[in-house]
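Asks: Here's my sequence, what's the structure:
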Amino acid sequence: MRANSRESMSIPAKSVIVGTAGHIDHGKSALVEALTGTHPDRLAEEKRRGITIDLGFAFLEENGVRFGFIDVPGHERFVSNMLAGAAGIDLVLLVIAADESVKPQTREHFDICRLLGVKRGVVAVTKSDLMDGDLLGLVKLEIEEYLRGSFLERAPIVTVSAKTGAGLPELKKALHHVAEQTPGKDTEQYFRLPIDRAFPMKGFGTVVTGTLISGDVGAGDEVELFPKGARLRVRGVQSGGKNEVRAFAGQRTAVNLAGIEHTAVNRGMTLAAPGKFRVTRRIDSRLTLLPSAKKLKQRARVHFHAGTTETIAEILLYQRNDLTPGQNALAQLRLQEDALVLPGDRFIVRQFSPVTTIGGGIVLDPLARRPMLRDTGRLAFLETLERGERDEILAAMAERAALVPVTGKTSTGLAVEEIVARTGWLEKEIREAVQKLATSERLKIVANDPLTVVARRAFEEVSGKISATMERFHKDNPLLPGLAREDLRASLGRRMNAETFRAALEELAAKKKIELHGELVRRAGAEIALQPEEARAKEQIEKEFSSAGLAVPSVKEVLAKLSVESKRAEKLLQILLREKMLIRVTPELIFHRDALAQLRDQLLVHKRIKGERISVPAFKELTGITRKYAIPLLEYLDRERVTRRAGDERVIL
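Replies: As a prediction, this is how the structure comes out:
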């Protein structure tokens, strides 16, 4: 979605997607044609056999409402096609023939609508011209009994005849009345379009169609094709057979894509906003089993349908070994193929064999972790996802991000990109929730670009570990000034988030609990505390190098004379180097700073009296040292920009 597009145009008239449902040969397609003037069957085989095999589409604009009709096949063999069309419908047109009443596919289609969370609809009793008034009255009573207790209990029941046209005005009026009560889809959320068709169009290239379930799309937009992950450009869009500047959520939409062949796109894929979402093969959900289904056993394999996607899934029930008919439970579905789903998306499961609809559910966590026995907080987390408000959900996500059941180490930090991928929330919604939780000290913001948060409890644990580590370090290493940042971070666990670590250091430093000196971290007030014998040894090392002038002894010779053990002697030497009392010129040669300062003075005198150039022999004569010391010292002076090499001589700068 492009920000400037909303400023320059308004969202069109209300769009409502109507899905037909009902048994084969109950007149769904004929009724759609009678309402819209368009016969939805488009395949030659459909026209030859006189039955709907795949999805058909037709449009009707009536009293300011644009209806998009999705006509679905009624035959049991084509229920999977019906499911691809049922996703995204706003209301159902339940079609029941007067001469047959409620039949098996009527029941299955209606169950699917209930499981998909459809809330509204109209019932059309077709073929009314074949029945007299009394019999029609009996059929309506039977239908009312069947619908009792369902979302269509108070829905209009209209008797119609596609053949004679009887009842069509009343049906349109009923559809319009229900459409006015139907809330629109969210045009502000990120763009998602489950694809139900892909085909080539001469002069345009690849075209895909689907019901736009959120957001909007227009020419020039970049979109991402899932599960491939390909980034594509939109050439143009249509809705209701008309070219549009932009198409909005709730509309049947055709998208002309650049950069891909139609053979590379198929039903079950999804177009979405680029860089926002991730595909998954593990979904935590609330699963409901139909009363008419058989008992569902642990690890049962099922056919999984979400949006236009269809794949095989294995069901793992939480806290139980089976699910009885009519019951629901928290469950994980392990998918055979990648799918793009978000929290709140509905899905259908069908028995593996024979293939019949047995239940469905709602996605809670689309990027679920692998089930583990130590993951004791999963069920409480899922219940928060199911019933919590946005603030509660975000707080729970941050808490869960801090848990690693296998190792017990801390995994801190939850970035905005991860939150979007797991929730589908807009970044502005996330930032509002984060600020609220940060104010109440439930979250800690550890970075702003990109926004990264951590549960306050976990942040305090990290801070506590840093303080304890530094306390232990100084106790074990009294002669060292501090610990390198990266060594400190590594000691806290391999999954420590860099932003959280940095924020914890800064907060501890602000509270005067630690001190930061470049790459070194030390406990506040920590000082190097030398024992008397260590102080004497340190003084002895300095004297050895000070008295030697430029003809210094080897480090080993100096340290060997000390009364302290070699490790402590090395640390004392390091202290003198850090204090810059001693200066390492090469790995083997160390000089006292006073000797090097005196050398610089000698060179300045030489420059003033004899000129700026000095040869190696002249340097040896000036300093009274051998070549063993002269060459390393001259190279050191070059590095320090005291001298510059010019052939076999040096220029004193």
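Asks: Beta-bridge partners for residue 91, please?
Replies: For residue 91, the beta-bridge partners are residue 18, residue 120 (DSSP bridges).
Asks: Show me the shaky parts of the protein.
Replies: Of all residues in the chain, those with pLDDT under 70 make up the ranges 1-13, 40-54, 73-79, 82, 404-412, 494-495, 526-529.
Asks: So which residue is dead centre in it?
Replies: residue 421 (2.5 Å; C-alpha atoms, centre = their mean).
Asks: Against residue 275, how distant is that residue?
Replies: The gap separating residue 421 from residue 275 is 10 Å, by C-beta to C-beta, to the nearest Å. In this view, the C-beta of every residue, glycine as well, is placed from N, C-alpha and C.
Asks: same check, this time on residue 566
Replies: To residue 275, residue 566 is 57 Å away according to C-beta to C-beta.
Asks: Helix or strand: which one has the residue nearest to residue 63 when sequence neighbours are not counted?
Replies: In space, residue 63 comes closest to residue 176 once its chain neighbours are excluded; the distance is 5.4 Å by C-beta to C-beta, 6 or more residues apart in numbering. When elements are assigned from DSSP states H and E, residue 176 belongs to helix 168-181.
Asks: the longest strand in the chain is where?
Replies: strand 328-339 (DSSP state E).
Asks: Give me the contact list for that strand.
Replies: By C-beta atoms under 8 Å, 6 or more residues apart in numbering, the residues outside strand 328-339 that reach it are 226-227, 279-289, 304, 306, 309, 311-320, 323, 347, 349, 361, 364, 368, 371, 379, 382-383.
Asks: can you give me the offset of stretch 344-353 from its chain's centre?
Replies: Distance of stretch 344-353 from its chain centroid, counting by C-alpha atoms, centre = their mean, to the nearest Å, is 23 Å.
Asks: Could you give me the buried positions within that stretch?
Replies: 345, 346, 347, 348, 349, 350, 351 (16 or more other C-beta atoms under 10 Å).
Asks: what about that stretch, how long is it end to end?
Replies: Separation of the first and last residues of stretch 344-353 by C-alpha to C-alpha, to the nearest Å is 28 Å.
Asks: cool, and stretch 572-586?
Replies: Using C-alpha to C-alpha, one end of stretch 572-586 lies 18 Å from the other.
Asks: What residues of it count as buried?
Replies: Buried residues in stretch 572-586, counted by 16+ other C-beta under 10 Å: 572, 573, 575, 576, 581, 582, 583, 585.
Asks: which of those lies closest to residue 38?
Replies: Taking C-beta to C-beta as the measure, residue 38 sits nearest to residue 575 out of the buried residues of stretch 572-586, at 88.9 Å.
Asks: host element of the closest one?
Replies: helix 566-578.
Asks: List of residues touching the following helix or strand past that helix?
Replies: Counting by DSSP H and E, the element after helix 566-578 in chain order, helix or strand, is strand 582-584. For strand 582-584, the external contacting residues (C-beta under 8 Å, 6+ apart) are 541, 542, 545, 573, 576, 577, 590, 591, 592, 593, 596.
Asks: What strands line up against strand 582-584, and which way round?
Replies: Partners of strand 582-584 in its sheet, by DSSP bridges: strand 590-592 (antiparallel).
Asks: Not counting the partner strand itself, show me its contacts.
Replies: Contacts with strand 590-592, where a contact means C-beta under 8 Å, 6+ apart, come from 542, 545-546, 548, 550, 552, 555, 573, 577, 581-585, 633.
Asks: the strands in the stretch 501-650 of the chain, which residues?
Replies: Under the criterion DSSP state E, counting those that start in this stretch, strands of the stretch 501-650 of the chain are mapped to 514-517, 520-523, 582-584, 590-592, 613-615, 643-646, 649-652.
Asks: and stretch 206-222, how far apart are its ends?
Replies: Stretch 206-222: ends 15 Å apart by C-alpha to C-alpha.
Asks: Pull out the buried residues from it.
Replies: For stretch 206-222, the neighbour count (16+ other C-beta under 10 Å) marks 206-218, 221 as buried.
Asks: what about residue 100, how many neighbours?
Replies: By the measure other C-beta atoms under 10 Å, the count of residues near residue 100 is 15.
Asks: where does it fall, helix, sheet strand or coil?
Replies: At residue 100 the chain is in coil, as set by DSSP: H, G, I helix; E, B strand; the rest coil.
Asks: List the residues that contact it.
Replies: By C-beta under 8 Å, 6+ apart, the residues touching residue 100 are 23, 26.
Asks: Centre of the chain to the helix or strand harbouring residue 94, how far?
Replies: Using DSSP H and E, residue 94 sits in strand 91-97. Distance of strand 91-97 from its chain centroid, counting by C-alpha atoms, centre = their mean, is 38 Å.
Asks: Give me the angle between that strand and helix 168-181.
Replies: Strand 91-97 and helix 168-181 are oriented at 150 degrees to each other (axes from the mean of the first three to the mean of the last three C-alpha atoms, to 10 degrees).
Asks: From the contact counts, what lies against the helix or strand just after strand 91-97?
Replies: Moving toward the C-terminus from strand 91-97, the next helix or strand (DSSP H and E) is helix 104-115. Judged by 3 or more C-beta pairs under 8 Å, 6 or more residues apart in numbering; DSSP states H and E, the packing partners of helix 104-115 are strand 14-21, helix 79-86, strand 91-97, strand 346-351, strand 357-365.
Asks: which residues touch helix 104-115?
Replies: The list of residues contacting helix 104-115 from outside it, by C-beta under 8 Å, 6+ apart, reads 19, 21-24, 26, 72, 74-76, 79, 82-83, 86, 89, 92, 94, 96, 121, 150-152, 288, 290, 292, 346, 348, 356-357, 359-361.
Asks: ok, residue 454 - contacts?
Replies: 398, 401, 402, 412, 413, 414, 443, 444, 446, 462, 497, 500 are the contacts of residue 454 under C-beta under 8 Å, 6+ apart.
Asks: That one is in what secondary structure piece?
Replies: Using DSSP H and E, residue 454 sits in strand 451-455.
Asks: can I have that strand written out in CSV, keeping just the CAs?
Replies: C-alpha atoms of strand 451-455 as CSV (Å, rounded to 0.1, in the frame of the first residue of the first chain):
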residue,chain,number,x,y,z
LEU,A,451,12.4,-1.1,17.2
THR,A,452,13.5,-4.0,19.5
VAL,A,453,12.0,-4.8,22.9
VAL,A,454,12.6,-7.2,25.7
ALA,A,455,10.5,-8.3,28.6
